[in-house]
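**Student:** No letters, just coordinates:
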């Protein structure tokens with residue numbers, strides 16, 4: 001039995017797909033490469049009222065990397081995008097970090 005078949009055995013397939021699609025949207029998993037524009041990265045950092053260095057530490061990258069993202073010189077890696085989406089989700093009202 002394949003892993004994907006094992007995951008949905010005994011589970012409402014429509015509910016499973018709804019959850020999987022939500023996770024893909026929020027975190028960019030399952031083959032969907034979610035990107036963040038330079039303005040979105042900057043807006044997320046500013047939501048915390050943090051310097052680039054402080055925000056970089058939160059994400060797990062260097063301050064220069066954050067600056068490059070915000071300038072559009074480079075784009076976040078897949079792993080960084082996952083972390084940024086996770087951070088963004090925790091800044092929604094009613095969600096504790």
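**Tutor:** Thanks, I have it. Note that the structure is predicted; figures quoted are calculated from it, not measured.
**Student:** my guess is residue 60 contacts residue 83, does it?
**Tutor:** Yes. Counting by CB atoms under 8 Å, residue 60 does reach residue 83; the two are 6.2 Å apart. The C-beta positions use only the backbone N, C-alpha and C, and glycine is treated the same way.
**Student:** of those two, who's got more company?
**Tutor:** Set residue 60 next to residue 83 and count neighbours by other CB atoms under 10 Å: residue 83 wins out with 17 against 10.
**Student:** what residues are up against that one?
**Tutor:** Listed by CB atoms under 8 Å, 6 or more residues apart in numbering, the contact set of residue 83 reads 59-60.
**Student:** which SSE is it in?
**Tutor:** Using DSSP states H and E, residue 83 sits in helix 78-89.
**Student:** what about that helix, average pLDDT?
**Tutor:** The predicted model gives helix 78-89 an average pLDDT of 85.
**Student:** Only the buried residues of it, if you could.
**Tutor:** Counting neighbours by 16 or more other CB atoms under 10 Å, one finds that the buried residues in helix 78-89 are 80-85, 87-88.
**Student:** Break this protein into its domains for me.
**Tutor:** According to automatic domain parsing, the chain comprises the domains 1-32, 38-89.
**Student:** which of those has the lowest average pLDDT?
**Tutor:** The minimum mean pLDDT among the domains of the chain belongs to domain 1-32 (a mean of 53).
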